[in-house]
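[1] Dropping the sequence and predicted coords here.
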Amino acid sequence: MKIGILSRSPHSYSTQRLVEAGKQRGHEILVLDHLQCVLVIEKGRPHIYYKGEEVTGLNGVIPRIGASVTFYGAAVIRQLEMMKIFSAVESQSLVRSRDKLRCLQLLAKAGINIPKSAFASTPKHVDNVIDVVGGTPVVIKLLEGTQGIGVILAETRNSAKSVIEAFLDVEVNILVQEFIKESGGEDIRAFVVDGQVVGAMKRKGAEGDFRSNLHRGGTATLVKLTAEEKALAIKSAKRLGLGIAGVDMLQSKKGLLVNEVNSSPGLEGIEKATGVDIAGKIIEYVERNEFNE
Ligand SMILES: Nc1ncnc2c1ncn2[C@@H]1O[C@H](COP(=O)(O)OP(=O)(O)O)[C@@H](O)[C@H]1O
Ligand SMILES: [Mg+2]
């Protein structure tokens with residue numbers, strides 16, 4: 001098979017592992033920087049040029065789209081979908097998962113427990129927003145933040161108000177959430193591929209940090225999920241329509257809450273913590289959906 005990996009960082013662990021796992025299974029692997037793709041939209045024959053040459057013969061793609069280029073990345077995937085090429089992450093699902101508000105709305109609608117969240121467009125309602133999530137401390141999040149950047153813990157009403165007002169004043173969309181203190185800076189990441197949990201880890205934030213992100217210095221250890229935890233992760237990925245998903249869950253006194261669903265979850269932490277060939281599982285998922293002209 002000829003498999004494309006949409007990635008802007010050919011040397012990253014995740015991209016390298018996908019290339020390796022694909023080659024091991026006898027495939028030709030192309031790493032395409034989606035920002036270097038020219039999309040040609042015309043009736044009957046949508047196609048793509050990459051660095052001046054038309055892209056042909058792809059049997060499937062694996063998108064690894066960074067948060068800062070969601071718009072263009074989604075457009076490239078949509079173009080591939082128009083060309084009937086299988087994408088391990090669909091364009092619509094990528095867009096859904098990238099907007100934290102939309103993601104939480106979809107999860108809540110599906111009856112999935114999430115941290116109580118509020119959203120407002122004007123600083124006028126700041127007290128209301130803090131009150132409805134149960135008062136301070138609150139977590140304030142940029143709607144399109146990632147890797148823990150743009151996630152702030154405000155301990156007091158005064159600090160929460162000044163942060164919320166500052167963001168809304170410059171028209172940055174934010175979400176205000178109840179702070180799940182009991183989770184103690186830990187969460188569970190379940191890696192879902194094609195409706196199955198292929199690996200899971202517990203992440204713990206660096207000393208003094210409530211954020212468990214590995215990019216912020218957190219550490220990961222292997223964890224065995226209960227049937228209920230697995231089912232919750234699978235349901236969340238399914239609700240967003242994601243073939244590949246990193247489902248993050250927080251342990252709270254009300255039970256397990258889904259905090260977010262990532263559409264380009266990193267492979268390094270999960271492979272090292274679990275010893276599972278996750279890249280191989282992703283390649284096999286593409287194999288099962290091979291597109292032939
Ligand atoms: N409401 C919350 N209560 C407690 N911890 C939280 C809450 N929201 C986020 N966190 C912690 O902060 C981390 C980053 O938040 P997250 O919403 O996943 O944003 P990002 O997309 O930047 O990873 C989470 O992994 C979790 O450890
Ligand atoms: Mg996260």
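    All right, it came through fine. Numbering: from 1, shown residues only. Ligands and ions are numbered 1, 2, ... in the order given.

[2] what ranges do the helices span in the stretch 51-200 of the chain?
    Ranges of helices in the stretch 51-200 of the chain, per DSSP state H, counting those that start in this stretch, are 70-82, 91-98, 100-109, 126-132, 157-169.

[3] Dump those helices to CSV, plus mean pLDDT, mean neighbour count and distance to ligand 1.
    Every residue, glycine included, has its C-beta placed from N, CA and C. Converted to CSV, those look like this (pLDDT from 0 to 100; neighbours: other CB atoms under 10 Å; distance: least, CB to the nearest ligand atom, whole Å):
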stretch, mean pLDDT, mean neighbour count, distance to ligand 1
helix 70-82, 97, 20, 13
helix 91-98, 96, 20, 9
helix 100-109, 97, 18, 7
helix 126-132, 97, 16, 13
helix 157-169, 96, 16, 13
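
[4] for these, which one sits closest to Arg8?
    Evaluated over these, closeness to Arg8 peaks at helix 70-82, with 8.9 Å, by CB to CB.

[5] quick one: that closest one to helix 91-98, angle?
    Orientation check (axes from the mean of the first three to the mean of the last three CA atoms, to 10 degrees): helix 70-82 against helix 91-98 gives 160 degrees.

[6] Does anything pack onto helix 70-82? Which helices or strands?
    strand 2-6, strand 37-40, strand 47-50, strand 60-63, strand 86-87, helix 91-98 (3 or more CB pairs under 8 Å, 6 or more residues apart in numbering; DSSP states H and E).

[7] Please enumerate residues in contact with the second one?
    Under the contact criterion CB atoms under 8 Å, 6 or more residues apart in numbering, strand 37-40 has outside partners 46-50, 55, 75-76, 79.

[8] Surely Leu104 is in contact with Val176?
    No. Checked against CB atoms under 8 Å, the pair Leu104 and Val176 is beyond contact range at 11.7 Å.

[9] Return every residue with contacts to both of these two.
    Joint contacts of Leu104 and Val176 (CB under 8 Å, 6+ apart) are Ser117.

[10] quick check: mean pLDDT across stretch 260-273?
    The average pLDDT within stretch 260-273 is 97.

[11] And it, how far out from the chain middle?
    Centre-to-centre, stretch 260-273 and its host chain are 9 Å apart (CA atoms, centre = their mean, to the nearest Å).

[12] How far does that stretch stretch from one end to the other?
    End-to-end distance for stretch 260-273: 20 Å, by CA to CA, to the nearest Å.

[13] which residues are contacting it?
    13-14, 17-18, 63-66, 89, 93-94, 97-98, 100, 103, 107, 146, 189, 191, 199, 201, 203, 214, 220-222, 236-237, 240, 242, 244-248, 276-279.

[14] Among those, name the ones in strands.
    Cross-referencing these against strands under DSSP state E gives 63, 146, 189, 191, 199, 201, 203, 220-222, 244-248.
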